[in-house]
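[1] Build me a model from this:
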Amino acid sequence: MSIALELAVQDPAGVRIAREIGAARVELTQALALGGLTPSPATVELAVEAAGGEVEVHVLVRPRAGGFRYDDDELAVTARDIRHMLDHGATGVVIGCQDDSGALDRDALVRLVDAAGGASVTLHRVIDVTPDPLAALRVARELGLRRVLTSGGASAAIDGLATLRELVREADGRIQVMAGSGVDASNAAEIAATGVDALHFSAKRAVSASGGVRMGSASDGVGGYEVTDRAAAIATVAALRP
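    Residues are numbered from 1 along each chain as shown. This next block holds a predicted model:
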């Protein structure tokens, strides 16, 4: 298989599934239903142990839900979290931020890349909500980021194929383009055919829990959560084989 695979996971069990399917790396996060937030240091440590040196652990560092325009306090948290995640064994980090115009916040990205101290840095799907994804790709490349994760400016990568092809051409092999969002067994091969360097998918399933007392404004009762589904992950990989 020539295309690299990245599995988005939230726990060590997901990392073990990533190893089983031959993924090159995981994006470790929590709260995937919110687009992902920074996981705890203990989660990072246990994920690195589960990876066993066979899978790279890249940690999403995102201080909150609700967009990517951050104030100085939020950027300070993000920069410190980046250092903590790398200190706890992460291979790299996944970041992104916008300025008031909606474009990438170049100064903030420089600050966060500096915090990574030479470790691998991926730009997350903030690129998909910028006014010009091609311009955002150029900024990421100029700042030395390793790759961008993108759905081609659409809610799902299967609907952004044309832009994904444009991004691959613009990247010109100098920064990796990784397609993600809604990637599964039904569409993985078609998305891979755009020429992207990697596919990012979560293969997740929901686990619901009911309770008579509401626990938070966004939950029904005690709320539910999501886990990596081994069968879905295996099926996605199988769909990429000739």
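[2] Report the separation between Val113 and Ile191.
    Distance of Val113 to Ile191, computed by CB to CB, to the nearest Å: 28 Å. Bear in mind the C-beta positions are built from the backbone N, C-alpha and C, glycine included.
[3] between the two, who's got more neighbours?
    Using other CB atoms under 10 Å as the criterion, Val113 and Ile191 rank with Ile191 on top: 26 against 20.
[4] tell me what the helix of greatest length in the chain is packed against?
    Criterion DSSP state H: the longest helix present in the chain is helix 72-87. Counting contacts by 3 or more CB pairs under 8 Å, 6 or more residues apart in numbering; DSSP states H and E, helix 72-87 packs against helix 41-51, strand 92-95, helix 106-116.
[5] Recalculate using a threshold of 6 Å.
    Helix 72-87 is packed against helix 106-116, with contacts defined by 3 or more CB pairs under 6 Å, 6 or more residues apart in numbering; DSSP states H and E.
[6] partners of the helix or strand following the helix it packs on in the sheet?
    Counting by DSSP states H and E, the next helix or strand C-terminal to helix 106-116 is strand 120-123. Applying DSSP bridges, strand 120-123 is found paired with strand 92-95 (parallel), strand 147-150 (parallel).
[7] Which one of these lies nearest to Ala79?
    Ala79 lies closest to strand 92-95 among those, at 9.6 Å (CB to CB).
[8] quick check, distance from the closest one to the centre of its chain.
    Chain-centre distance of strand 92-95: 8 Å, with CA atoms, centre = their mean, to the nearest Å.
[9] looking only at pLDDT, what's the mean for it?
    Strand 92-95 shows a mean pLDDT of 98.
[10] And the contacts of it?
    27, 58-61, 82, 85, 112, 116, 119-122, 124 (CB atoms under 6 Å, 6 or more residues apart in numbering).
[11] Could you pull out the buried residues of the strand or helix carrying Val237?
    For Val237, the host element (DSSP H and E) is helix 230-239. With burial defined by 16 or more other CB atoms under 10 Å, the residues of helix 230-239 counted as buried are 230, 232-233, 235-237, 239.
[12] I'd like to know which of the residues you listed is nearest to Val44.
    Checking these against Val44 by CB to CB gives Ala233 as the nearest, at 20.8 Å.
[13] Return the residues in contact with the closest one.
    The neighbourhood of Ala233, defined by CB under 6 Å, 6+ apart, consists of 17, 21, 203.
[14] Make CSV from the contacts of strand 92-95 and add distance to Asp100 to it.
    Output for the contacts of strand 92-95, formatted as CSV (distance: CB to CB, whole Å):
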residue, distance to Asp100
Glu27, 27
His58, 28
Val59, 27
Leu60, 23
Val61, 21
Ile82, 23
Met85, 28
Leu112, 18
Ala116, 24
Ala119, 28
Ser120, 29
Val121, 23
Thr122, 24
His124, 19
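[15] that older thread, just how off-centre is the longest helix of the chain within its chain?
    Distance, centroid of helix 72-87 to centroid of chain: 17 Å (CA atoms, centre = their mean).
[16] Check stretch 148-155 too.
    The chain centroid and the centroid of stretch 148-155 are separated by 11 Å under CA atoms, centre = their mean.
[17] contacting residues for the closest residue to Gln30 other than its chain neighbours?
    Counting by CB to CB, 6 or more residues apart in numbering, Gln30 lies nearest to Pro39, which is 4.6 Å off, once chain neighbours are set aside. Pro39 makes contacts with 28-30, as judged by CB under 6 Å, 6+ apart.
[18] distance of Pro39 from Ile234?
    Applying CB to CB, the value for Pro39 to Ile234 is 24 Å.
[19] need the contacts of Ala233 in CSV with neighbour count and secondary structure, can you?
    Below are the contacts of Ala233 laid out as CSV (neighbours: other CB atoms under 10 Å; DSSP: H, G, I helix; E, B strand; the rest coil):
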residue, neighbour count, secondary structure
Ile17, 24, helix
Ile21, 17, helix
Ala203, 25, coil
